[in-house]
Each structure stands twice: as C-alpha cells, then as structure tokens.
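[1] Curious how this folds, go ahead:
(one chain, ligands or ions: 1)
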Amino acid sequence: MEIKPRKKSDCGGIIMMPLKVNIPDPNDKSWEETKCPECGAVCWKRPLPKGFREDMFNGKMCTMCALKRGLR
Ligand SMILES: [Zn+2]
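    I've put the predicted structure just below:
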C-alpha cells in the first residue's frame with residue numbers, strides 16, 4: 001500500500017460532486033452537470049484545482065455517497 005503525502009484539500013482522494021438538488025443553480029458557470037457513478041444522482045462536476053488531475057484521485061462521487069461511506 002502506497003502512502004501519499006496529504007494535499008492541501010485534505011479530502012482523502014475522492015472528488016466530491018455537489019448534488020443538483022442541493023445546488024440547483026450554481027453561480028459558477030464552469031460547473032458541468034454530470035451523474036454520480038455510484039447512485040446516478042444528478043450532480044455537478046467542478047473543475048479541479050490547478051495542478052490536480054482526475055487520475056490523481058481514487059474516484060469521484062456525489063456528496064451523499066461520500067457521506068454514506070463515512071468520508072468528509
Ligand atoms: Zn452518489
């Protein structure tokens with residue numbers, strides 16, 4: 001098992017996507033509507049911070065699935 005240094009986000013390697021039911025109309029136009037690969041709920045894909053790539057994370061899911069898994 002590989003131990004990686006913690007990044008500034010401190011989020012545990014999962015990209016969390018806010019649910020559309022929680023944020024129906026985001027101010028940020030760079031958010032893209034997508035579906036959670038875990039539960040299929042409509043959620044928002046936000047652009048990753050500078051220097052991050054999607055393949056640096058363990059996966060992505062909506063905030064609800066992250067909560068169910070005990071992630072923050
Ligand atoms: Zn989900």
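[2] contacts and neighbour counts: CA atoms only from here.
    Noted.
[3] neighbours around the residue lying closest to Lys45 once chain neighbours are set aside, how many?
    Distance criterion CA to CA, 6 or more residues apart in numbering; nearest residue to Lys45, sequence neighbours excluded, is Glu32 at 5.0 Å. Close neighbours of Glu32, defined as other CA atoms under 10 Å, add up to 12.
[4] again with Met17
    Neighbour count of Met17, defined by other CA under 10 Å: 23.
[5] Report the beta-bridge partners for the most centrally placed residue in the chain.
    The centroid of the chain falls nearest to Met16 when counting by CA atoms, centre = their mean (1.9 Å). When bridges are called by DSSP bridges, Met16 pairs up with Met61.
[6] Contact partners for it?
    Lys60, Met61, Cys62, Thr63, Ala66 (CA atoms under 8 Å, 6 or more residues apart in numbering).
[7] If we only consider those, which is nearest to Trp44?
    If you rank these by distance to Trp44 using CA to CA, Cys62 comes first, at 8.2 Å.
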